[in-house]
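> Okay, structure incoming, though there's no sequence with it:
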Ligand SMILES: O=C(O)[C@H](O)[C@H](O)COP(=O)(O)O
Ligand SMILES: [Mg+2]
């Protein structure tokens, strides 16, 4: 069935809102582009909450922890509770500490990523190295090559390499990641989005940042962010979701919309402010087709 267009259609928006109690809302490309909030977003979230709807922010962006996202949301006047934020950094930390359960002496994580991952691993008492450690912000030396090849530079307790969006990746850091994988560490990713919407344009996403490691190791990481259904199960458990009364709202087909479709949610809404346009789901072999679409999330305000 062709997706229902909601923009400027009060009746369509009213029946859309009546169908759902919980909205899982993506962030980059839906609420904002970098620090630029799209027009009418704070008012739209406030309207949904005023109508008794639950709004849960589900982002693949692992550079911030839930706490850091709460600060960003409140700085941008978007109403939110700390409880209603579910990021891929949190999803990954929970997977490592509560599901993977690494053996003692092999329970450390080497991070190719930012502060968000470090904070969420700390919250789960999972030891970690790499990440924002300033010792990695330099050129590789011959001593590094030697120490990585003979293992003298490697921490024997590392059992996982966790990769995400990293604004500071370089040859030295990726080389460490490669040599931990060569010694049997598990390869996990918070997400593998190829691009990042920022300042109304697109930049390298997590998937593009970790591509050198995937290429050199010949391994594909286990993804823990959208569209992974491990994340959907975690979201369902945490928020006691009735999947039929839940709608996923996103800008990207191969993460957000696929997440909702594979998760058999009651509906998915594709907004055209971010990564994918209409043509992406109109084509024959579209990876996922939304049940609703709108030019922007704030088009829901017609129901105010
Ligand atoms: O590269 C990335 O990590 C993604 O572009 C970014 O995380 C997407 O975030 P989301 O749209 O899921 O909020
Ligand atoms: Mg997005």
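Arrived safely, thanks for sending. Remember, predicted model here, so these are calculated numbers, not experimental data. Ligands and ions are numbered 1, 2, ... in the order given.

> which ones are touching whichever residue of the stretch 1-150 of the chain sits closest to ligand 2?
Residue nearest to ligand 2 within the stretch 1-150 of the chain (Cβ to the ion): residue 29, separated by 3.6 Å. (C-beta placed from N, C-alpha, C; glycine too.) Residue 29 makes contact with 197, 250-252, 271, 273-275, according to Cβ atoms under 8 Å, 6 or more residues apart in numbering.

> ok, residue 300 - contacts?
Taking Cβ under 8 Å, 6+ apart, we find residue 300 in contact with 6, 13, 16-17, 44, 47-48, 294.

> Mind checking which of the contacts of residue 29 land in strands?
Members of the contacts of residue 29 lying in strands (criterion: DSSP state E): 197, 250, 271.

> quick revisit: among the contacts of residue 29, show me the least confident.
Confidence by pLDDT is poorest for residue 197 among the contacts of residue 29, given 93.

> if I look at that residue, how far off is residue 29?
Counting by Cβ to Cβ, to the nearest Å, the gap from residue 197 to residue 29 is 4 Å.

> residues near the residue of the stretch 201-304 of the chain at minimum distance from ligand 2, how many?
Nearest residue of the stretch 201-304 of the chain to ligand 2: residue 251, at 4.4 Å (Cβ to the ion). Residue 251 has 25 neighbouring residues, counting by other Cβ atoms under 10 Å.

> can you check residue 207 too?
Residue 207: 21 surrounding residues under other Cβ under 10 Å.

> dump the residue contacts of it.
For residue 207, counting by Cβ under 8 Å, 6+ apart, the contacting residues are 189, 191-194.

> And for residue 239?
Per Cβ under 8 Å, 6+ apart, neighbours of residue 239: 22, 54, 56.

> buried residues in stretch 34-52?
Using 16 or more other Cβ atoms under 10 Å as the test for burial, stretch 34-52 gives 37-38, 40-49.

> Select, from those, the two members most distant in space.
Maximum pairwise distance among the buried residues of stretch 34-52 (Cβ to Cβ): 17.8 Å, between 38 and 49.

> for the contacts of residue 207, which one is nearest ligand 1?
residue 193 (3.6 Å; Cβ to the nearest ligand atom).

> Close to ligand 2: what parts of this structure are there?
With the criterion set to Cβ under 5 Å from the ion, the chain comes near ligand 2 through 26, 28-29, 251.

> mind redoing it with 8 Å?
The chain has residues 26-30, 59-60, 193, 197, 250-252, 255-256, 274-275 near ligand 2, with proximity defined as Cβ under 8 Å from the ion.

> filter those residues down to the ones close to ligand 1.
Applying Cβ under 6 Å from any ligand atom, the subset of the residues of the chain next to ligand 2 adjacent to ligand 1 comprises 26-29, 59-60, 193.

> which two from the residues you listed end up farthest apart in space?
Every pair of those checked by Cβ to Cβ; the farthest is 27 and 193, at 11.8 Å.

> Looking at the two, which is more packed in?
When residue 27 is set against residue 193 and neighbours are counted by other Cβ under 10 Å, the residue ahead is residue 193, at 28 against 23.

> so who does the more buried one touch?
Contacts of residue 193 (Cβ under 8 Å, 6+ apart): 60, 165, 205-207, 252, 255.

> make it 10 Å
Contacts for residue 193 were tallied using Cβ atoms under 10 Å, 6 or more residues apart in numbering; they are 28-29, 60-61, 88, 164-165, 204-209, 223, 225-226, 252, 254-255, 275.

> re earlier: as JSON lines, the ones in strands among the contacts of residue 29 with neighbour count and distance to residue 240 would be great.
Converted to JSON lines, the ones in strands among the contacts of residue 29 look like this (neighbours: other Cβ atoms under 10 Å; distance: Cβ to Cβ, whole Å):
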{"residue": "197", "neighbour count": "23", "distance to residue 240": "31"}
{"residue": "250", "neighbour count": "33", "distance to residue 240": "22"}
{"residue": "271", "neighbour count": "28", "distance to residue 240": "26"}
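
> Domain-wise, how is this structure divided?
4-60+227-303, 89-223 (automatic domain parsing).

> How far does the longest one sit from its chain's centre?
Read it as domain 89-223. In terms of Cα atoms, centre = their mean, to the nearest Å, the centre of domain 89-223 is found 16 Å from the chain centre.

> Please consider this matter closed, and thank you.
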